[in-house]
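1. got a structure for you, letters missing:
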């Protein structure tokens, strides 16, 4: 089976754009919650494992990036 540009198995239904356009506020709110959850998860790892310097170093920039999006 041929892979598409994004590696999807099937092409995206063109009606998706119309559906998304009508629900853009809901989509953006959901995305904001995802950004917040990602940052919160990284913060939890930092707080729970502060002695793991490598983990903290990897998670800190992720927190900054996710909060910048939020």
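-> The structure has been received and is ready for your questions. Since the structure is predicted, the reported quantities are computational estimates derived from the model, not experimental observations. Numbering: from 1, shown residues only.
2. how about residue 10, secondary structure?
-> coil (DSSP: H, G, I helix; E, B strand; the rest coil).
3. and residue 16, what pLDDT?
-> Listed pLDDT for residue 16 reads 88.
4. ugh, typo on my part, it should be residue 3
-> pLDDT, residue 3: 55.
5. repeat for residue 29
-> 94.
6. what does residue 6 give?
-> pLDDT at residue 6 comes out at 72.
7. again with the one 4 residues further on
-> The per-residue pLDDT reported for residue 10 equals 84.
8. again with residue 54
-> 97.
9. Please identify which helix or strand holds it.
-> Using DSSP states H and E, residue 54 falls within helix 53-69.
10. Please name every helix or strand in contact with that helix.
-> Here helix 53-69 is seen to pack against helix 24-48 when contacts are counted using 3 or more Cβ pairs under 8 Å, 6 or more residues apart in numbering; DSSP states H and E. Every C-beta, even on glycine, is put in place using the N, C-alpha and C of the backbone.
11. for the helix it packs on, which positions count as buried?
-> Of the residues in helix 24-48, 38, 39, 42, 43, 45, 46 count as buried by neighbour count, 16 or more other Cβ atoms under 10 Å.
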